[in-house]
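# I'll drop the sequence and a predicted model, then ask my questions.
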Amino acid sequence: MINHWMQAAVTSPDASRYIFKNESIPPFSPFHVKVGVYNNKGEGPFGPVTTIYSAEEEPSRAPSRVRAKSLSASEVEVSWKPLPWSTSRTRIMGYELRYWSTKDRPDTASVMRTVGNRTSAVIRGLDPSSTYYIKLKTYNSAGVGPDSAVVNVTTKRPPPSQSPLKVMWNATDSKLILKWDHVKALENESEVMGYKVMYKQSRQSRPSVVETNSTFLELSLPVDEDYIIQIKPVSEGGEGSSSKQITIPRIAGGHARTGNENRCSRHAENLRLQHSCSSWFSLTH
């Protein structure tokens, strides 16, 4: 409840701010303010009442229960227990994360800030198979609070560097069937967990995506236009290298078409392709 208004005059017509000083004002105290205009004829109307706050204190507590887990070869997720959003003397505007790897010094740590009362954040752009150290602080307009305990996390091994090879396809007027060789990860890479198949009609800008844990995929698609296909392996380290872009021509006259990315018999008849690419088969009966 407003008991009384204090009033101050700012004599410059170009002024856009006013500073009220009082050493007895507690931190983060609310004030109701309204601004009006005047001239030698008298006072004009006042604007709407706005609530502002006096300067606050820096946060005095550190985040607790800080945890970190690796999401991929380049990402980790950090979580923590949130602090009270505001008190009588301070408030929290967000959290500041500092992180560095074993090959770096703590004073060269990278900094990432969150906004609002979040309880987790994802750090991206990290090196694979690397250990990182992370600590948190809260911050507000007055500064930052104390450091949390330091936690460490190791990113996963990188995804496979080899792309799927010998991608072969068979198409009818209603189906598209794909087959490819299994990708074997190198010793320092994450094992392949499955594959992501991206396909689109040639006139579309964004592909559809299907995930599978096998090297064989059947899609129920009307093959009345050209399709563009790409396949990439998926591992716990992330997505691996994509296969070459493969264009599958539309069905003409209702006859099935077959082929592979090496074009071993791209324009051959089905039976001829069956003999030249022994790992594939014709779907035409």
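Cool, the structure landed.
# And the strands in the stretch 1-150 of the chain?
Per DSSP state E, counting those that start in this stretch, the stretch 1-150 of the chain carries strands over the ranges 30-33, 36-39, 42-46, 50-53, 64-70, 76-81, 94-101, 110-113, 120-123, 131-140, 143-144.
# out of these, which comes closest to Val192?
Nearest of the strands of the stretch 1-150 of the chain to Val192, taken as Cβ to Cβ: strand 64-70 at 17.9 Å. Every residue, glycine included, has its C-beta placed from N, CA and C.
# Identify each buried residue in the closest one, please.
The neighbour-count check on strand 64-70 (16 or more other Cβ atoms under 10 Å) flags 66, 68, 70 as buried.
# Was I right to think the first one contacts Trp80?
Yes. Counting by Cβ atoms under 8 Å, Val66 does reach Trp80; the two are 4.8 Å apart.
# Would you mind listing the residues touching both of the two?
136, 148 (Cβ atoms under 8 Å, 6 or more residues apart in numbering).
# what residues go with each domain of the protein?
Domains of the chain are assigned by automatic domain parsing as 64-154, 168-276.
# worst average pLDDT in those?
Among the domains of the chain, domain 168-276 has the lowest mean pLDDT, at a mean of 80.
# got a pLDDT number for Ile25?
With respect to pLDDT, Ile25 scores 78.
# how many other residues sit next to the closest residue in space to it that isn't next to it in sequence?
Leaving aside its sequence neighbours, Ile25 sits nearest to Ser54 (Cβ to Cβ, 6 or more residues apart in numbering; 4.9 Å). Using other Cβ atoms under 10 Å, Ser54 has 13 other residues around it.
# which residues does Ser54 contact?
25-29, 31.
# Only whichever of these are buried, select them in PyMOL.
Per 16+ other Cβ under 10 Å, the buried members of these correspond to this PyMOL selection:
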select buried, resi 28
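# got a list of what the residue lying closest to Val150 once chain neighbours are set aside touches?
Sequence neighbours aside, Lys135 is the residue nearest to Val150 in space, at 4.8 Å (criterion: Cβ to Cβ, 6+ apart). By Cβ under 8 Å, 6+ apart, the residues touching Lys135 are 66, 97-99, 147-151.
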